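Trainee: predicted model and sequence below, questions to follow.
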Amino acid sequence: MTRELSALLTLPDFERAADSVLDAASWAYVAGGADTQLTVRANTEAFDQVWLRPKALGSVSDKPDTSVTVFGQRLDLPVLLAPTSPQRLLHDDAEIATARAAEASGSLSIVSTDSHHAFPEVAGSIEGGSWFQLYAYRSREDVAATIDLAEDSGATALVVTVDASHAARRITTRRAGFRTPAHVDFGNLRSLGILTGAIPDGARIDRLPLTWDDLEWIRSRTEMRVVVKGILRAEDAQRCLDLGADGVIVSNHGGRQLDGAVPSLVALEHVAEAVDGRGLVLMDGGIRSGIHVVKALALGADAVCIGRPYLWGLGLAGQEGVERVLDLLKEEIEDTLRQLGVDSVADIGPDFATRG
């Protein structure tokens, strides 16, 4: 498998290879978005509207520094693994393989509330920490129990997703006849008693819509760092920080919720300007190369998150596949830094990017 993975030279190569091995319904679930999938396409196309401006005659190391520090933790590259579920669709080891790959590659995984393996099992499979992504179910009592599960299991940050409270119209998934396979379960929801019956056909059960009051309560309920995921407006980012959040993730849920939502990269500039260093700014959506990562950093992100790309690696070769995706991104980031004439991702700022 290592030899086969070495032949995949770009993330689109991984995408095509994963498409060829997954069944049509599972692929539709992983790849698909809401309605016409306009935002799915626009997330990636937005990167084509940003151009990089290299510095001439820079003295550059053969091995540029791609590391960043996030909440005091050093990462070997400015790429985190976004929460996705259920990963058992792609590989039996699911989130455990992902967490181990992230640790081995010097990255960090964010584990979903809807993970196949319960968070204590995932956290116990690695030596370092993972972040925990929170979906709200049923009541504040259940949300509190979910937060306690994450905190007691060693989560180093809590990622509160605020853009997926309501089910979306995922037409391609419905047309493909997707049903949750029998071997897929929801370990956290089982352990918390939130899911007691049959596994839902569409890999989703109803959630509790969150409000600003709920976010303020969640902030008061935990000592963990709190990051709010699903922010596309500058004023919303400012309000999150005013309520005590430690950062935001600029995200439109990979185009899976609202078709026509602004591409994450377009929203990033406005959000980063509004945050103005008061908190962490991450972004996800449409990243398909190390060049894309550097463009996001130039437009104000402290680091990025990827979702579908590491799932392609997971589906092809489990932990090894995810590691190869991260290694490829690091190689591409290093090359981009050399071509730009800088020695470190820390040198990347707004003067390195311009819009066409």
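Mentor: Great, that's in hand.

Trainee: give me the most central residue, the protein.
Mentor: What sits nearest the mean C-alpha location of the chain, by CA atoms, centre = their mean, is residue 82, with 2.0 Å.

Trainee: so what's it up against?
Mentor: 110, 284, 305, 306, 307 (CB atoms under 8 Å, 6 or more residues apart in numbering). In this view, the C-beta of every residue, glycine as well, is placed from N, C-alpha and C.

Trainee: let's go with 6 Å and repeat that
Mentor: Listed by CB atoms under 6 Å, 6 or more residues apart in numbering, the contact partners of residue 82 are 110, 284, 305, 307.

Trainee: ok, of the residues you listed, which one's closest to residue 25?
Mentor: Distance to residue 25 across the contacts of residue 82 (CB to CB) is lowest for residue 307, with 18.8 Å.

Trainee: which non-adjacent residue is nearest that closest one?
Mentor: Leaving aside its chain neighbours, residue 307 sits nearest to residue 82 (4.2 Å; criterion: CB to CB, 6 or more residues apart in numbering).

Trainee: now residue 40, what's its secondary structure?
Mentor: Secondary structure state of residue 40, per DSSP: H, G, I helix; E, B strand; the rest coil, is helix.

Trainee: that one contacts residue 33, correct?
Mentor: Yes - Residue 40 lies in contact with residue 33 (CB atoms under 6 Å); the separation is 3.7 Å.

Trainee: list residues touching both of the two?
Mentor: Contacts common to residue 40 and residue 33, judged by CB under 6 Å, 6+ apart, are residue 255.

Trainee: low pLDDT regions in the stretch 1-150 of the chain?
Mentor: Residues of the stretch 1-150 of the chain meeting the criterion pLDDT under 70: 1-3, 59.

Trainee: all strands of it, in order?
Mentor: Ranges of strands within the stretch 1-150 of the chain are 50-52, 68-70, 73-75, 79-81, 110-112, 131-134, based on DSSP state E, counting those that start in this stretch.

Trainee: can you say which of those strands is nearest to residue 140?
Mentor: Using CB to CB, the nearest of the strands of the stretch 1-150 of the chain to residue 140 is strand 131-134, at 12.2 Å.

Trainee: how many residues are close by the nearest residue to residue 297 once chain neighbours are set aside?
Mentor: Nearest residue to residue 297 in three dimensions, chain neighbours excluded: residue 348, at 4.6 Å (CB to CB, 6+ apart). Here the count is done by other CB atoms under 10 Å, and residue 348 has 24 residues near it.

Trainee: thought residue 348 was touching residue 300?
Mentor: No - Residue 348 is beyond contact range of residue 300, at 10.3 Å (criterion: CB under 6 Å).

Trainee: got a list of contacts for stretch 278-287?
Mentor: With contacts defined as CB under 6 Å, 6+ apart, stretch 278-287 is touched by 43-44, 82, 241, 246-247, 249-252, 254, 264, 268, 272, 275, 296, 300-306.

Trainee: need the longest strand for this structure.
Mentor: Longest strand in the chain, counting residues (DSSP state E): strand 225-231.

Trainee: any residues touching that strand, and which ones?
Mentor: For strand 225-231, contacts defined as CB under 6 Å, 6+ apart pick out 71, 157-163, 219, 237, 240, 245-251.

Trainee: just stretch 247-256 next, same as before
Mentor: 33-34, 39-40, 43, 163-164, 227-231, 237, 240, 261, 264, 267-268, 271, 279-280, 282-285, 307.

Trainee: could you tell me which of those are located in helices?
Mentor: Those of these mapping onto helices are 39, 40, 43, 237, 240, 264, 267, 268, 271, per DSSP state H.

Trainee: residue 199: which of those is nearest?
Mentor: Proximity of the ones in helices among the contacts of stretch 247-256 to residue 199 (CB to CB) peaks at residue 40, which lies at 25.8 Å.

Trainee: contact partners for the closest one?
Mentor: So residue 40 contacts 33, 255 (CB under 6 Å, 6+ apart).

Trainee: try the one 10 residues further on
Mentor: When contacts are counted by CB under 6 Å, 6+ apart, residue 50 is found next to 295, 353, 355.

Trainee: burial of the residue nearest to the second one when sequence neighbours are not counted, as a residue count?
Mentor: The shortest distance from residue 353 to any non-neighbouring residue, by CB to CB, 6+ apart, is to residue 298 (3.7 Å). Here the number of neighbours of residue 298 (other CB under 10 Å) works out to 21.

Trainee: quick one, grab the pLDDT at residue 178.
Mentor: Model confidence at residue 178, given as pLDDT, is 91.

Trainee: one more: the one 5 residues further on?
Mentor: Predicted confidence (pLDDT) at residue 183: the value is 91.

Trainee: burial count for it?
Mentor: Neighbours of residue 183 (other CB under 10 Å): 11.

Trainee: residue 37 too?
Mentor: For residue 37, the neighbour count with other CB under 10 Å is 17.

Trainee: cool, and residue 72?
Mentor: Residue 72 has 7 neighbours, counted by other CB under 10 Å.

Trainee: what's the spacing between it and residue 345?
Mentor: Computed as CB to CB, to the nearest Å, the residue 72 to residue 345 distance reads 17 Å.

Trainee: now residue 250
Mentor: Taking CB to CB, one finds residue 250 at 18 Å from residue 345.
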